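[1] quick one, fold the following:
(chains A, B, C and D)
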There are 2 protein chains.
Amino acid sequence: MSLGKDINQPVFRALSDPTRRAILELLADQPRSIGALVSHFEVSRPAIAKHLKVLEDAQLIAVSQQGRERINSFQPLALKSAADWMRWFDQFWDDRLERLKHAVEEECL
Amino acid sequence: MSLGKDINQPVFRALSDPTRRAILELLADQPRSIGALVSHFEVSRPAIAKHLKVLEDAQLIAVSQQGRERINSFQPLALKSAADWMRWFDQFWDDRLERLKHAVEEECL
DNA sequence: TTGACATGAAACCAAATGGTTTCATATAAG
DNA sequence: CTTATATGAAACCATTTGGTTTCATGTCAA
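    Predicted coordinates:
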């Protein structure tokens, strides 16, 4: 089955946490330092730092040192393969909808 | 931020495991009993049963008892909100591509 | 140089996760 | 009825996860 390679496992893992998804949304708006991110949450700075590490490992963000700050920026590309995996089911979902529509039509005859 | 409601957290949680994603693909092909699923993997039946529980909690599958068998069927609808969340970044990704294209064009002048 | 600030890193912890084995139960088949 | 099948359920276990606190380090500013 489609297990084995599973190139986007790190991405799915990264997306499984709500805080990480929120971080991603914030970084999609604009690149930010860790400190700038922390203020948006109620967890400690090291906690956010760990989340960023997970996101970085999944290549969902890129990090660049700027003086004493680390600027984290969103990396949309990494989302693509995961999004593609989902999109396949989307098409499937449309099919089902279509079938349901047909079924309802039949029933109404 | 978009934390708080997070209606699709169970879906993202469920998708974070490769075995669970593989199960979902199998069920998208056709509904199957637990036993029919187990043969596709190298883990024990209880392990698969637990995965199915997670998928069911996320409403990614529906279960119907048929005699002594439990038939698990894929429920595409639950994927939609999660897919939508991703789709938002897709558009963003296209934007970036567009910007990059413009940047390259500028550079070539 | 001396602080103050932004962060890295380590040690530690409770809870969740993914897995197992064992035992119980309901149903289909002889 | 008896047996084999399909599953549920419980107990248990190692590892991972998400979080903390504490301490070290590098950099900007006075």
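
[2] okay, helices next: where are they in chain A?
    For chain A, the helices defined by DSSP state H occupy A:9-15, A:18-29, A:34-38, A:45-57, A:79-107.

[3] which ones are touching the residue nearest to the spatial centre of chain A?
    Centroid check for chain A by C-alpha atoms, centre = their mean gives A:Leu15 as the closest residue, at 4.4 Å. With contacts taken as C-beta atoms under 8 Å, 6 or more residues apart in numbering or on different chains, A:Leu15 has the following neighbours: A:21, A:24, A:82, B:12, B:15-16. Where C-beta positions appear, they are placed from N, C-alpha and C, glycine not excepted.

[4] circling back to that earlier point, with mean pLDDT as extra columns, can I get the helices of chain A in CSV?
    Converted to CSV, those look like this (pLDDT from 0 to 100):
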stretch, mean pLDDT
helix A:9-15, 98
helix A:18-29, 97
helix A:34-38, 98
helix A:45-57, 98
helix A:79-107, 75
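
[5] could you look over these and pick the most buried one?
    Among the helices of chain A, helix A:9-15 has the highest mean neighbour count (mean count of other C-beta atoms under 10 Å in any protein chain shown), at a mean of 21.

[6] can you name the residue of chain A nearest to DNA strand D?
    A:Gly67 (2.2 Å; C-beta to the nearest atom of the strand).

[7] and that residue, its phi and psi?
    A:Gly67 adopts backbone torsions of phi 60, psi -130, taken as degrees, to the nearest 10.

[8] can you count the residues close to it?
    Per other C-beta atoms under 10 Å in any protein chain shown, the neighbour tally for A:Gly67 reads 6.

[9] same deal with A:Ile71?
    18.

[10] also the one 4 residues further on?
    Using other C-beta under 10 Å as the criterion, A:Gln75 is surrounded by 20 other residues.

[11] A:Ile7 too?
    Counted with other C-beta under 10 Å, A:Ile7 comes out at 8.

[12] what sits against the nearest residue to it once chain neighbours are set aside?
    Using C-beta to C-beta, 6 or more residues apart in numbering or on different chains and skipping residues adjacent in sequence, the residue nearest A:Ile7 is A:Ser81, 6.2 Å away. Applying C-beta under 8 Å, 6+ apart to A:Ser81 gives the contacts A:7-8, A:11.

[13] how about these in JSON lines, adding distance to DNA strand C?
    Shown next, in JSON lines, are those (distance: C-beta to the nearest atom of the strand, whole Å):
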{"residue": "A:Ile7", "distance to DNA strand C": "18"}
{"residue": "A:Asn8", "distance to DNA strand C": "15"}
{"residue": "A:Val11", "distance to DNA strand C": "15"}
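
[14] now do the contacts for A:Pro46.
    So A:Pro46 contacts nothing (C-beta under 8 Å, 6+ apart).

[15] can you give me the distance of it to DNA strand C?
    Noted for A:Pro46: a distance of 4 Å to DNA strand C, by C-beta to the nearest atom of the strand, to the nearest Å.

[16] same deal with A:Asp90?
    24 Å.

[17] one more: A:Ala22?
    17 Å.

[18] which bits of chain A sit near DNA strand C?
    Applying C-beta under 7 Å from any atom of the strand, we find that chain A lies next to DNA strand C at A:33-36, A:45-46, A:49, A:68-70.
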